[in-house]
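In: only geometry, no sequence info:
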Ligand SMILES: Cc1cc2nc3c(=O)[nH]c(=O)nc-3n(C[C@H](O)[C@H](O)[C@H](O)COP(=O)(O)OP(=O)(O)OC[C@H]3O[C@@H](n4cnc5c(N)ncnc54)[C@H](O)[C@@H]3O)c2cc1C
């Protein structure tokens, strides 16, 4: 019987980064993944020979010396990543129907400020204050800066709301909307999302923005190589169905076919609520279960992956966030008639497309309730199932509405479309294993900030959490969550100290 030092449940980025760090440290690691493909939201898929990402459209902080660059360097994957720097003058463009202007977000703080000041000549002071506030907040998160420090440093930042703070900077309504225009990056909620979430995410993209050429699954592939070269094991089609605890410790986890996998310590990259559902243990008191269950998840999303006709539409190295109205914070509140109120448009970077785009991804917020009537269906590439004609009709109707909104700012775009493929909250639910297809997991709340910070420790001594539900979502946020988990297990110096030493 094999017995591992660490058994990791789920091969999302959090599980893989933990696996890479722990295997580098000489531990015997086994990662169990339910899907055919590793990576969770890092998975890519191919339609009509075009590669699409499921959950990585761009990444920040990857320039030499920046935080994610240092970590990826330490993990041994940085030099092999195929990346493309996004447009320095505009990695993101924010637009509003009824307003002809294109508001550009440039890379590098000075450039960012000068570019926005050109667009809002009277607002230099507000724009500079906005940037200073972001940098100031980021300074207060020690791990984000790969330094040691106190948990309490961030105390005075966590109770500030993103919307309230941005609105306090200026009375210029358009500038307020523009500064919050990439809201989809963190699924920002008006009276809930903390400014620190906005700041940690935006800072990384302002510092530098990158696309993965031929998809983000390369990150998972490279981490897999690191883990395997250190003797680690990654098993696909290995769905964990039970976590068995006795004597205040997990003894083993059980897979769908009844096989047991034994280990000294266990790290779950699965949503914490789902993790506890798997653990039938008296140590996990109802009050703890209920506390986690009461935390709201961020909203889900409807995604159109568009295959473009060959050599038809130019590749644009920018992302677009487009709003029907100047109401960035109101887009999650919609009814059938008013949906979609906004969208994000990303072009896929490909190594073989020359100056033309091969594929584009269009995303709009969508509540799980919209697809709840098909909740009893389950469909992934390894468990193919037809959700039925009514579901196909739903997707078609939604796709048409979304393309209708796209037409306003990108007239004629439809003529370049060869085919589209839609994903709904059910797709994310089934591939990732959440209940509601939430984009970013547990939503942070500035009204009760400490409630929404989860510790990697659980009530079972050798069971730990990692992944986007802990600290922060996104490639950067989840990498930090994995560092938090590993630092809890190995100590700060063994993890962050080594990254700093390079
Ligand atoms: C539409 C969308 C767009 C995004 N765009 C970006 C972007 O442009 N930039 C960015 O930085 N971030 C982006 N993100 C966020 C980012 O992709 C995620 O925050 C991150 O990948 C989550 O990593 P994770 O470690 O929490 O694991 P997840 O990706 O949540 O993976 C969890 C893993 O656990 C596995 N699992 C679940 N249950 C079981 C079980 N019982 N047994 C075994 N395995 C199991 C799942 O199959 C999955 O592989 C996006 C997310 C979405 C949804």
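Out: Looks like it arrived, so ask away. Since this is a predicted model, take the numbers as computed values, not measurements. Numbers count the residues shown, from 1 in each chain.

In: all contacts plus neighbour counts: C-alpha atoms, from now on.
Out: Will do.

In: what mean pLDDT does the top helix by length along the chain have?
Out: What stands out as the longest helix in the chain, according to DSSP state H, is helix 389-409. Helix 389-409 carries an average pLDDT of 98.

In: Buried residues of the helix or strand just after that helix, list them for me.
Out: Under the assignment DSSP states H and E, the closest C-terminal helix or strand after helix 389-409 is strand 417-423. The neighbour-count check on strand 417-423 (16 or more other CA atoms under 10 Å) flags 417, 420, 422 as buried.

In: so who does the second one touch?
Out: Residues counted as contacts of residue 420 (CA atoms under 8 Å, 6 or more residues apart in numbering) are 304, 305, 306, 307.

In: The first one falls within a helix, correct?
Out: To tie it back to what came earlier, the one meant is residue 304. No: using DSSP: H, G, I helix; E, B strand; the rest coil, the assignment for residue 304 is strand, not a helix.

In: tally of neighbours for it?
Out: For residue 304, the count of nearby residues is 23 (other CA atoms under 10 Å).

In: bridging residues for it?
Out: residue 362, residue 422 (DSSP bridges).

In: OK, contacts around residue 64?
Out: Going by CA under 8 Å, 6+ apart, residue 64 touches residue 70.

In: What parts of the stretch 301-450 of the chain come near the ligand?
Out: Within reach of the ligand by CA under 6 Å from any ligand atom, the stretch 301-450 of the chain has these residues: 431, 432, 433, 439, 440.

In: separation between residue 284 and the ligand?
Out: As judged by CA to the nearest ligand atom, to the nearest Å, residue 284 and the ligand stand 18 Å apart.

In: Help me confirm that that residue is found in a helix?
Out: No: with three-state DSSP as the criterion, residue 284 is assigned coil and is not in a helix.

In: my read: it touches residue 460, true?
Out: Yes: look at residue 284 against residue 460 with CA atoms under 8 Å: they come within range, at 7.4 Å.

In: neighbour-wise, which of those two wins?
Out: Just comparing residue 284 and residue 460: by other CA under 10 Å the higher neighbour count belongs to residue 460, 19 against 14.

In: List of residues touching stretch 35-42?
Out: Residues from elsewhere that reach stretch 35-42 (CA under 8 Å, 6+ apart): 10-13, 16, 43, 53-56, 216-217, 219-220, 236-239, 381-382, 431-432.

In: Flag every buried residue along that stretch.
Out: Buried, per 16+ other CA under 10 Å, within stretch 35-42: 35, 37, 38, 39, 40, 41, 42.

In: got the end-to-end distance for that stretch?
Out: Chord length of stretch 35-42, first to last residue, is 12 Å (CA to CA, to the nearest Å).

In: is that stretch anywhere near the ligand?
Out: Yes: using CA under 6 Å from any ligand atom, stretch 35-42 comes into contact with the ligand via 35, 38, 39, 40, 41, 42.

In: and which of the residues you listed is nearest to residue 173?
Out: residue 41 (34.6 Å; CA to CA).

In: confidence score at the closest one?
Out: We have a pLDDT of 97 for residue 41.

In: Please apply the same query to the one 4 residues further on.
Out: Per-residue pLDDT puts residue 45 at 96.

In: and what of residue 215?
Out: Residue 215 carries a pLDDT value of 97.

In: so who does it touch?
Out: Counted by CA under 8 Å, 6+ apart, residue 215 has contacts 44, 51, 52, 53, 56, 348, 349, 350.

In: Now tabulate the residues you listed in TSV and tack on neighbour count, distance to residue 398 and secondary structure.
Out: Listed next are those as TSV, based on neighbours: other CA atoms under 10 Å; distance: CA to CA, whole Å; DSSP: H, G, I helix; E, B strand; the rest coil:
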residue	neighbour count	distance to residue 398	secondary structure
44	20	23	strand
51	22	23	strand
52	28	20	strand
53	21	20	strand
56	18	23	coil
348	29	22	coil
349	29	26	coil
350	23	27	coil
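
In: Residue 300: which of these is nearest?
Out: Nearest to residue 300 out of those is residue 56 (CA to CA; 15.1 Å).

In: Kindly provide the distance from the residue lying closest to that closest one once chain neighbours are set aside to the ligand.
Out: Spatial nearest neighbour of residue 56, chain neighbours left out: residue 216 (5.8 Å); criterion: CA to CA, 6 or more residues apart in numbering. Using CA to the nearest ligand atom, residue 216 is found at 9 Å from the ligand.

In: Surely residue 216 and residue 53 touch.
Out: Yes: Residue 216 lies in contact with residue 53 (CA under 8 Å); the separation is 6.4 Å.

In: what sits in contact with each of the two?
Out: Counting by CA under 8 Å, 6+ apart, the contacts common to residue 216 and residue 53 are 42, 43, 44.

In: Just the pLDDT at residue 382, thanks.
Out: The model reports residue 382 with a pLDDT of 86.

In: do the same with the one 4 residues further on
Out: As summarised for this prediction, residue 386 has a pLDDT of 92.

In: show me the contacts for the closest residue to it other than its chain neighbours.
Out: Sequence neighbours aside, residue 379 is the residue nearest to residue 386 in space, at 7.1 Å (criterion: CA to CA, 6+ apart). Residue 379 makes contact with 385, 386, 387, 427, 430, according to CA under 8 Å, 6+ apart.

In: now those residues in a markdown table, with neighbour count and secondary structure?
Out: Shown next, in a markdown table, are the contacts of residue 379 (neighbours: other CA atoms under 10 Å; DSSP: H, G, I helix; E, B strand; the rest coil):
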| residue | neighbour count | secondary structure |
| --- | --- | --- |
| 385 | 11 | coil |
| 386 | 11 | coil |
| 387 | 15 | coil |
| 427 | 20 | helix |
| 430 | 18 | helix |
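
In: my guess is residue 241 meets residue 255, correct?
Out: Yes: in this structure residue 241 lies within contact range of residue 255 using CA under 8 Å: 5.4 Å.

In: Alongside the ligand, which residues does the stretch 51-200 of the chain contribute?
Out: Listed as neighbours of the ligand in the stretch 51-200 of the chain under the rule CA under 6 Å from any ligand atom: 54, 55, 56, 57, 58, 59.

In: Just those residues: which are in helices?
Out: Members of those lying in helices (criterion: DSSP H): none.

In: from the buried residues of stretch 35-42, which is closest to residue 231?
Out: Nearest to residue 231 among the buried residues of stretch 35-42: residue 38, at 17.4 Å, using CA to CA.

In: Quick check, pLDDT for that closest one.
Out: Looking at residue 38, its pLDDT stands at 98.

In: residue ranges with poor pLDDT in the chain?
Out: Under the criterion pLDDT under 70, no range of the chain is flagged.

In: Could you break it into its assigned domains?
Out: 3-45+54-70+214-296+442-501, 83-209, 299-439 (automatic domain parsing).

In: for those, which one ends up most surrounded?
Out: Highest mean neighbour count among the domains of the chain (mean count of other CA atoms under 10 Å): domain 3-45+54-70+214-296+442-501, with a mean of 20.

In: Can you give me the end-to-end span of that domain?
Out: 32 Å.

In: same check, this time on stretch 439-459
Out: OK, stretch 439-459 end separation, CA to CA: 26 Å.

In: now what about that stretch, what contacts it?
Out: Against stretch 439-459 from outside (CA under 8 Å, 6+ apart): 158-161, 186-187, 192-194, 197, 271, 283-284, 295-301, 428, 463-466, 468-471, 473-474, 484-485, 488.

In: Which ones among those residues lie within helices?
Out: Per DSSP H, the contacts of stretch 439-459 map to helices at 197, 428, 474, 484, 485, 488.
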